[in-house]
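S.K.: model the structure of this input:
(one chain, ligands or ions: 1)
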Amino acid sequence: MKLMLVGASGLVGQQVLRQALADPAVDCLIAPTRKPLAAAARLDNPIVDFEHLPADAPWWSVDAVICTLGTTMAQAGSQAAFRRVDYDYPLAVARLARSAGATAFVLNTALGAAVDSRVFYNRVKGEVEQAISQLDYPSLTLVRPSLLDGGPRPDSRPGEGVGLVFAKILRPLLPRRYRAVSTEAVARTLLAATRAQAPGIHVVESEQIA
Ligand SMILES: NC(=O)c1ccc[n+]([C@@H]2O[C@H](COP(=O)([O-])OP(=O)(O)OC[C@H]3O[C@@H](n4cnc5c(N)ncnc54)[C@H](OP(=O)(O)O)[C@@H]3O)[C@@H](O)[C@H]2O)c1
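M.R.: Below you'll find the predicted structure:
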């Protein structure tokens with residue numbers, strides 16, 4: 001399989017990168033990023049500006065795509081800038097890869113994604129799910145993790161840290177859907193969907209991530 005990963009430098013993306021490079025089913029991993037990744041065998045790492053994706057690049061021609069792109073309101077600075085990263089960039093990647101022949105797309109969205117949500121973050125996640133659903137991918141998988149448990153981040157996210165502490169203390173009391181999930185498990189689930197390429201649109205809720 002020729003696999004594309006966008007978001008390879010992120011917490012989930014790094015796990016997908018590690019697992020994909022160890023997976024014999026992945027012949028070649030194309031991971032466009034804005035900063036270079038460490039070189040590895042079978043890894044092609046085009047450096048791109050997501051504002052100006054090169055539509056005619058030959059590396060869009062892949063079998064499947066995993067998207068773990070995303071930002072936070074704090075990092076982005078405005079709702080418009082957040083939407084650019086969490087809606088426009090994944091949709092642009094999905095369009096370009098589909099036009100080049102990709103048949104499977106696996107999107108890391110989030111618990112609560114819904115176009116009619118009153119929460120802006122969840123609404124954008126719902127909207128990107130819906131927009132990509134309209135691109136006629138033979139196989140589309142929407143993976144919706146709860147809070148991610150993936151170790152320390154390079155940037156400071158105090159809200160997420162406090163959330164994780166409470167999520168761990170309350171874990172036995174929380175319904176499975178709301179429990180924190182490991183980034184390793186999310187990555188495994190994303191990769192499994194590219195291998196399965198199950199026809200149609202599939203939603204994987206957080207309690208199904210294993
Ligand atoms: N954090 C949580 O608890 C949580 C829970 C559920 C779902 N999610 C969702 O899961 C996905 C992955 O989360 P994560 O925690 O792994 O994210 P992350 O660590 O913040 O990584 C985000 C990725 O997106 C890229 N990115 C961000 N802004 C960009 C920009 N302006 N231009 C180009 N690339 C950009 C980053 O690249 P750079 O390294 O170049 O910045 C990185 O590869 C996201 O969609 C997130 O919303 C997160």
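S.K.: C-alpha only now, for contacts and for neighbours.
M.R.: Will do.
S.K.: pLDDT-wise, which helix or strand of the protein ranks last?
M.R.: Scoring the helices and strands of the chain by mean pLDDT, DSSP states H and E places helix 158-169 at the bottom, with a mean of 84.
S.K.: residues in contact with that helix?
M.R.: The contact list for helix 158-169 (Cα atoms under 8 Å, 6 or more residues apart in numbering) reads 147, 148, 149, 174, 179, 180.
S.K.: quick one: contacts for the spatially closest residue to the first one that is not a sequence neighbour?
M.R.: It stands for residue 147. Among residues not flanking residue 147 along the chain, residue 180 sits closest, at 4.7 Å (Cα to Cα, 6 or more residues apart in numbering). Shown in contact with residue 180 (Cα under 8 Å, 6+ apart): 146, 147, 148, 149, 164, 167, 168, 171.
S.K.: still on that earlier bit, which among the contacts of helix 158-169 count as buried?
M.R.: 147, 148, 149, 179, 180 (16 or more other Cα atoms under 10 Å).
S.K.: returning to that earlier point: closest to residue 209 out of the contacts of residue 180?
M.R.: residue 146 (9.7 Å; Cα to Cα).
S.K.: spatially nearest residue to the closest one (excluding sequence neighbours)?
M.R.: Closest to residue 146 by Cα to Cα, 6+ apart is residue 111, at 5.0 Å.
S.K.: from the ligand, how far out is the one you found?
M.R.: 6 Å (Cα to the nearest ligand atom, to the nearest Å).
S.K.: many thanks, we can stop here.
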